[in-house]
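# using only what follows, build the 3D model:
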Amino acid sequence: MADGEGRRAGETDAKLLEMLVCPLSKATLEWRPERNELISRPARLAYPVREGVPILLPDEARPLDPDE
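Residues are numbered from 1 along each chain as shown. Sure, this is the predicted structure:
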């Protein structure tokens with residue numbers, strides 16, 4: 001793919017997101033584009049997405065607030 005074609009930096013592929021699951025709970029992940037995160041409700045974690053790459057490491061995830 002030539003420069004300038006395809007996804008822009010920070011954009012995440014929707015097909016990839018459909019295939020991902022939480023490494024701890026194996027549950028499907030909910031995409032939260034406003035925060036650039038993937039949410040695992042069963043594990044109560046929010047995994048960051050950096051430059052379009054999901055970081056599915058529990059040590060990199062933030063715990064969800066009780067009201068999330």
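
# going by C-alpha atoms from here, please, whenever you check contacts or count neighbours.
OK.

# tell me where this protein has helices.
14-19 (DSSP state H).

# please name the bridge partners of the residue positioned nearest the centre of it.
Closest to where the C-alpha atoms of the chain average out (Cα atoms, centre = their mean) is Leu38, at 3.1 Å. Counting by DSSP bridges, Leu38 is bridged to Trp31, Tyr47.

# so how far is Met19 from it?
To Met19, Leu38 is 12 Å away according to Cα to Cα, to the nearest Å.

# same deal with Arg35?
20 Å.

# ok, Asp59 next?
For Asp59, the distance to Met19 - Cα to Cα - is 21 Å.

# for the protein, what spans make up the strands?
30-32, 37-40, 45-50, 53-54, 62-63 (DSSP state E).

# buried residues in the first one?
Spelled out, it's strand 30-32. By 16 or more other Cα atoms under 10 Å, the buried positions in strand 30-32 come out as Glu30, Trp31.

# same thing with stretch 48-58?
Those would be Pro48, Val49, Pro54, Ile55, Leu56, for stretch 48-58 by 16+ other Cα under 10 Å.

# okay, it in PDB with CA atoms only?
Provided in PDB are the C-alpha atoms of stretch 48-58 (Å, rounded to 0.1, in the frame of the first residue of the first chain):
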ATOM      1  CA  PRO A  48      -5.600   1.100  24.900                       C
ATOM      2  CA  VAL A  49      -5.400   1.300  21.100                       C
ATOM      3  CA  ARG A  50      -2.200   3.200  20.100                       C
ATOM      4  CA  GLU A  51      -1.700   4.200  16.400                       C
ATOM      5  CA  GLY A  52      -4.400   1.800  15.400                       C
ATOM      6  CA  VAL A  53      -2.800  -1.200  17.300                       C
ATOM      7  CA  PRO A  54      -4.800  -2.800  20.100                       C
ATOM      8  CA  ILE A  55      -2.500  -3.300  23.200                       C
ATOM      9  CA  LEU A  56      -4.100  -6.400  24.700                       C
ATOM     10  CA  LEU A  57      -1.800  -6.700  27.700                       C
ATOM     11  CA  PRO A  58      -3.500  -6.700  31.100                       C
END
